[in-house]
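[1] Fold the following.
(one chain, ligands or ions: 1)
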Amino acid sequence: MDLTNITEKPFLPAEVIQDNLFPISYNNKQEVENMYDNAVAQKIAKQYKETPFTDFASISPKTIIEKLNLNWRERDLPEAQRTKHVHRLHPYMGKFIPQLVEIFLRKYQPKLVYDPFCGSGTTLVEANTLGINSIGTDISLFNALLTRVKTSKYDIPLLEKETRDILKRLREYKEKSYNDKKLIPYLQIKNEYINAWFSPTAQKDLLCYLTLLKDYTYQDFFKVTLSRSARSARLVTHFDLDFPKKPQTTPYYCYKHDRTCQPVVEAYKFLYRYTIDAFERIRDFLKFRTNAKVTINHNDSRTVDLPKGIDFVFTSPPYIGLIDYHAQHKYAYQLLGLQNNETKEIGPAKNGQSDNAKKDYIDGINAVLSHTRECMAKNGLVLIVVNDKYGLYNAERVGFKSVGKINRHVNRRTGRRDTPFYESVLIWQKL
Ligand SMILES: C[S@@+](CC[C@H](N)C(=O)[O-])C[C@H]1O[C@@H](n2cnc3c(N)ncnc32)[C@H](O)[C@@H]1O
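    Residues are numbered from 1 along each chain as shown. Predicted coordinates:
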């Protein structure tokens, strides 16, 4: 999956490569050809010279999606659109772009959408904006929390009042140097992770905010902004926010900024900025939010209780051996004291991509799909966004038939921005 150390000659035209939006080359040509044959690559290369499709609102049941060019480059679908309103409430490695979900929801117009690996909630947010009821399940409590915060209904004047209030109180406590006797016990914590990964002042800022947020109606909203701030306030280098290995406590040469940078000493500025940003994003989403029902389960999607009548599944399962979904938000689990279910994650990075890991992965994915199928309506569709280079997905084995497959190149993935990457949308129908 991670195609970094690459020597093979690329099979795409030079102008595409020079575009630099298509970081290319492969270390194992055979592997890549198995995954996506040359014809697919050539088609995508050709499409790269053309303007991709962006008139999303025009999609209807009559649209032939196979004919659309979905190989968006940065200029076709800029970051601001991919991360509009709540889609950037919190960093999350491994999410798909909302426009991809939107296209298929508009095409198939389902009544009840389910995402068994809902992650940061992209499917549910998009379903809601189109007035479609949706259900999501995720084994990671932080991801379920994030999805809930994105999709909840808010009394905006109350949220604004609480936002102003918590920031005012945080500033007052900080100005008093956190010397308020009543507060001092709350600003200390014996936690190996927090003590190692945050400066003493950052710890106080975060713990003060954590104490204050308990006074508000929208506690979950503040928990997410706290987590986002904590992520930025960790003692990490600017160039390794995703996979930091050890705390950076001294000045360091920063490859990203080409100068010497200092480790972060406080969290206050992040808390302030992100709380306001999150409020604005929730308020912006209100313009699109409908009253369609959103249900979020923090559970294992192999066994979770589901209602009957799901007519459409849109999901991207964890890719085998690539990301540990609990570990990527470890700061949130530690600060908020969230229950950790990481042993139930399917295909975690720490299990790698060995034959045993593949077997466990297939068993896990098949168990989710079979379980989901039991609650699906007749002829219901399952759309799986995946890069199946190992050929692990098999519709018939779990009671579906394959009715389509759309391939696209993924430009600028979160967290792995410099490696070439294709994905497919597998379209299966319940047998
Ligand atoms: C690729 S991510 C989904 C991202 C999502 N499409 C988005 O846009 O945010 C896969 C998700 O599957 C979840 N997951 C892994 N094993 C699971 C299980 N057994 N049950 C439910 N969710 C699981 C992970 O926690 C992760 O959030």
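[2] isn't Lys174 right next to Ala202, touching?
    No - the criterion here is Cβ atoms under 8 Å, and Lys174 misses it with Ala202 at 11.7 Å. Every C-beta, even on glycine, is put in place using the N, C-alpha and C of the backbone.
[3] ok, these two, which is more surrounded?
    Between Lys174 and Ala202, Ala202 has the larger neighbour count (other Cβ atoms under 10 Å), namely 25 against 17.
[4] ok now do that one, which residues does it touch?
    233, 264-267 (Cβ atoms under 8 Å, 6 or more residues apart in numbering).
[5] Just the residues you listed: which are in helices?
    Within these, residues falling in helices by DSSP state H are Ala233.
[6] Let me have the contacts of Ala202 in JSON lines, extended by neighbour count and distance to Arg397.
    Putting the contacts of Ala202 into JSON lines (neighbours: other Cβ atoms under 10 Å; distance: Cβ to Cβ, whole Å) gives the following:
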{"residue": "Ala233", "neighbour count": "26", "distance to Arg397": "46"}
{"residue": "Val264", "neighbour count": "19", "distance to Arg397": "48"}
{"residue": "Val265", "neighbour count": "14", "distance to Arg397": "54"}
{"residue": "Glu266", "neighbour count": "18", "distance to Arg397": "53"}
{"residue": "Ala267", "neighbour count": "27", "distance to Arg397": "48"}
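[7] burial of the residue in the chain that the ligand sits nearest to, as a residue count?
    Of all residues in the chain, Gly119 sits closest to the ligand, at 2.5 Å by Cβ to the nearest ligand atom. Using other Cβ under 10 Å, Gly119 has 25 neighbouring residues.
[8] is it true that Lys308 touches Cys375?
    Yes - the pair Lys308 / Cys375 is scored as a contact, 5.3 Å apart, by Cβ under 8 Å.
[9] For this protein, which residue occupies the most central location?
    Closest residue to the average C-alpha location of the chain: Lys95 at 3.2 Å, with Cα atoms, centre = their mean.
[10] And that residue, how close does it get to Trp428?
    From Lys95 across to Trp428, the span is 22 Å (Cβ to Cβ, to the nearest Å).
[11] Any residues of the stretch 251-400 of the chain in contact with the ligand? List them.
    Selection of the stretch 251-400 of the chain residues close to the ligand by Cβ under 6 Å from any ligand atom yields 300-302, 316-318, 325, 344-346.
[12] now with 8 Å?
    Counting by Cβ under 8 Å from any ligand atom, the stretch 251-400 of the chain comes close to the ligand at 299-302, 304, 315-319, 323, 325-326, 344-348, 364, 368, 385.
[13] what helix or strand is Gly380 on?
    If you go by DSSP states H and E, Gly380 is part of strand 376-386.
[14] Centre of the chain to the helix or strand following that strand, how far?
    Next along the chain after strand 376-386, taking DSSP H and E as the criterion, comes strand 400-409. Centroid separation for strand 400-409 versus its chain: 22 Å, with Cα atoms, centre = their mean, to the nearest Å.
[15] by contact count, what packs against strand 400-409?
    helix 38-47, strand 422-430 (3 or more Cβ pairs under 8 Å, 6 or more residues apart in numbering; DSSP states H and E).
[16] Tell me who's in contact with the residue nearest to the centre of the chain.
    119-120, 122, 316, 414.
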